[in-house]
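# pasting the sequence and the predicted coordinates here, then a few questions.
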Amino acid sequence: MDSSSVEVELPDPLRRFVDARVSAGDFADAADYLRELVRRDREAQVNRLRELIQEGLDSGPARELSDADWVELRQRALGTSR
């Protein structure tokens, strides 16, 4: 797998926290810790998408949306509900 570098600046308290996790032997180094955080976040996003898909499937049979339904959905999506 190809990889690239990312430089991350952390406030001192966060850096100490990361260093403590590494010192405890939970991770090989700070990069290993950050990679794990990204993996967990990606997994959480996938799980949330699966939950939303299942919620949609469980919501019952599909129905055709009216023009008013589309207007309401657009307004909700754009945060412009009237």
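Sure thing, it's come through.

# when you work out contacts or count neighbours from here on, use the C-alpha atoms and nothing else.
Noted.

# now do the contacts for Gly25.
Counting by Cα atoms under 8 Å, 6 or more residues apart in numbering, Gly25 touches no other residue.

# what values do phi and psi take at it?
phi 90, psi 10 (degrees, to the nearest 10).

# that one and Asn47, how far apart?
28 Å (Cα to Cα, to the nearest Å).

# buried residues in stretch 58-78?
By 16 or more other Cα atoms under 10 Å, stretch 58-78 has no buried positions at all.

# between the two ends of that stretch, how far is it?
26 Å.

# quick one: the strands in the chain, in order.
Ranges of strands in the chain, per DSSP state E: none exist.

# output the lowest mean pLDDT helix or strand found in it.
helix 67-78 (a mean of 94; mean pLDDT, DSSP states H and E).

# show me what that one is packed up against.
Helices and strands touching helix 67-78, as assessed by 3 or more Cα pairs under 8 Å, 6 or more residues apart in numbering; DSSP states H and E, are absent.

# okay, now the unreliable bits of the chain?
81-82 (pLDDT under 70).

# for the longest helix seen in the chain, list every residue counted as buried.
The longest helix of the chain (DSSP state H) is helix 30-58. Using 16+ other Cα under 10 Å as the test for burial, helix 30-58 gives 30-31, 33.

# tell me how far Ala68 lies from Phe17.
Ala68 is 51 Å from Phe17, by Cα to Cα.

# ok, now Asp32?
Going from Asp32 to Phe17 by Cα to Cα gives 14 Å.

# do the same with Pro61
Taking Cα to Cα, one finds Pro61 at 49 Å from Phe17.

# likewise Trp70?
Distance from Trp70 to Phe17, by Cα to Cα: 47 Å.

# Asp41 now?
19 Å.

# now Arg48
28 Å.

# repeat for Glu9
Where Phe17 is concerned, Glu9 sits at a distance of 13 Å (Cα to Cα).
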